[in-house]
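1. Quick one, what's the 3D model for this:
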Amino acid sequence: MSVLRCRPRGAVFPLSCATVLLALLAFPVLAAVPLTLQQAAVLAVARAPLVQAGHAREDAARADLDRAGRWPDPRLDFGVQNLPVQGPGAFIPAAGSMTMRTVGFSQEIPSGAKLSAERAGARAGEAAASAETEQARLHTRQAAAAAWVSLWAARRAREQLEGLERQNALVIVAAKARLAGGTGSTADALAAQAAQAELANRLDQADATVAAARAALARWVGAAAAQATLADPPDFARLPVTAAHLLQSPDAQAPLLGWTSREDRAEAALQSARASKHPGWNVNLSYGRVPGLPALATLMVGVRLPLFPAHREDQDILARRADLEAVRAERENARRAQIEAVQRLLATWQGYGRQVQRDRDTLLALAADRSAAALAAYRGGASLQPWLEARRDEITTRLDYVEALKAWGDSWAELAFLLPEYAQ
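-> A predicted model of the protein is given here:
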């Protein structure tokens, strides 16, 4: 059973809990409703097992925090002292004049520093669980968005190929007409039919790609929603957050969300090591009775004595401080790597944006004009070979255009869902 949890966050895609619930209820029934990229991301999060697992870990971490920093449970002891083990009264409590029945109560009292360190560690654990859940949510959105883009691009690729069928049919008609009129050749007629068969093969491959992409999207949004038509994509030329903000906020991005809690855990471990130099106490109160004699009570107070801190506690403190310094250095390395990754991703997104615009504004039209000119020349008596070459180049240009569109959309989605506040 899916568990939906909504939390207030700033967002570019403002979708309330009611919106999410309506989407979840509507898509299984109204599969004809166009599915947007943002809706796919929301549906994926609502049904993602890893996100649900993250919520369970958060619940566990909150329970750990609630019990952290408390005294341990007291202990109740009861038994018999000075019980005879030899002679006629062996193992008979009433046979020994010194046999005492006792009951005792003991309580360990940790130092305040140790309890504070335990609470700090539990808070770090809760923060780590929350960060892991947010990472799972963001990764799910990115994966669902990438699946949506893949299906959208696969359909666009098929549309690009479908647009070539009519010209192929015209070439076959022209080749047959020239062959019948004695001005053509059998080789040209066969080449035209081969070109048509090759296009049919590419269309079959495109259908297979569409089916595979739909299956990938169904993993995230469900089979019913994956069967829906896709809405128009968002404007891939504009990010919901500026490039400058992405480069200035690496610590808030999905890959680095867990580092704050890792550093907090290392600090809590250091705090716990320092707390070991503060003595802990324990109290023991017992009550005993020997038959025929007055009852006796015993009160014992114990304290742990760190007599050799240079060989124990100080070494632990040094080790935990080194761990903390290592975590901080690793975090700085991860931060630099993330900034580099964002810069590379921005460059990729911008590069594909320019390529898509160039393909759309120039190369597609040139390829189509070249094919049309070659076809007109063939109808006028020229060779078919220029058209065959122009057609192969046009197919390559159209498919390259769709590949660029897909890469552009993928890089946009990865950048758009890097920050939690822009991923709703």
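2. show me where pLDDT drops low in the chain?
-> By pLDDT under 70, the low-scoring segments of the chain are 1-32, 86-87, 89-91, 93-97, 422-424.
3. Mind giving me the packing neighbours of the helix of greatest length in it?
-> Of all segments of type helix in the chain, defined using DSSP state H, the longest is helix 112-162. On a contact count with 3 or more C-beta pairs under 8 Å, 6 or more residues apart in numbering; DSSP states H and E, helix 112-162 meets helix 37-46, helix 49-67, helix 186-221, helix 259-275, helix 385-416. Any C-beta I mention is one placed from the backbone N, CA and C, and that applies to glycine too.
4. my read: L83 touches T99, true?
-> Yes: L83 is in contact with T99 according to C-beta atoms under 8 Å; the separation is 5.5 Å.
5. so the residue with the largest distance to the centre of the chain, which of the three states?
-> Largest separation from the mean C-alpha position in the chain: P88, at 74.6 Å (C-alpha atoms, centre = their mean). When classified by DSSP: H, G, I helix; E, B strand; the rest coil, P88 comes out as coil.
6. Quickly list the domain ranges of the chain.
-> 17-71+110-276+312-422, 72-109+278-311 (automatic domain parsing).
7. which of those domains is buried the deepest?
-> Neighbour counts (mean count of other C-beta atoms under 10 Å) averaged over each of the domains of the chain peak at domain 17-71+110-276+312-422, with a mean of 17.
8. starting at the chain centroid, how far to that domain?
-> Relative to its parent chain, domain 17-71+110-276+312-422 has a centroid offset of 12 Å by C-alpha atoms, centre = their mean, to the nearest Å.
9. Would you map the helices across the stretch 201-350 of the chain?
-> 223-226, 243-248, 259-275, 313-358 (DSSP state H, counting those that start in this stretch).
10. Now render those helices as a markdown table, adding distance to R214.
-> Conversion of the helices of the stretch 201-350 of the chain to a markdown table gives the following (distance: least, C-beta to C-beta, whole Å):
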| stretch | distance to R214 |
| --- | --- |
| helix 223-226 | 5 |
| helix 243-248 | 31 |
| helix 259-275 | 37 |
| helix 313-358 | 23 |
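11. In space, what's closest to S272 - neighbours in sequence excluded?
-> Leaving aside its sequence neighbours, S272 sits nearest to A117 (C-beta to C-beta, 6 or more residues apart in numbering; 3.8 Å).
12. Over to T36?
-> Nearest non-adjacent residue to T36, counting by C-beta to C-beta, 6+ apart: A231, 4.3 Å away.
13. got it, and K277?
-> Of all residues beyond its chain neighbours, the one nearest K277 is E313 (4.8 Å), with distances taken as C-beta to C-beta, 6+ apart.
14. residue contacts, that neighbour?
-> Contact analysis of E313 by C-beta atoms under 8 Å, 6 or more residues apart in numbering lists A273, S276, K277, P306.
15. Give me the contact list for stretch 123-135.
-> For stretch 123-135, the external contacting residues (C-beta under 8 Å, 6+ apart) are 51, 54-55, 57-58, 60-62, 64-65, 254-255, 257-258, 260-262, 264-265, 267-268, 420.
16. Repeat the analysis, applying 6 Å as the threshold.
-> Contacts of stretch 123-135 with the rest of the structure, by C-beta atoms under 6 Å, 6 or more residues apart in numbering, involve 54, 57-58, 61-62, 64-65, 254, 257-258, 261, 264-265, 268, 420.
17. No further questions, thank you.
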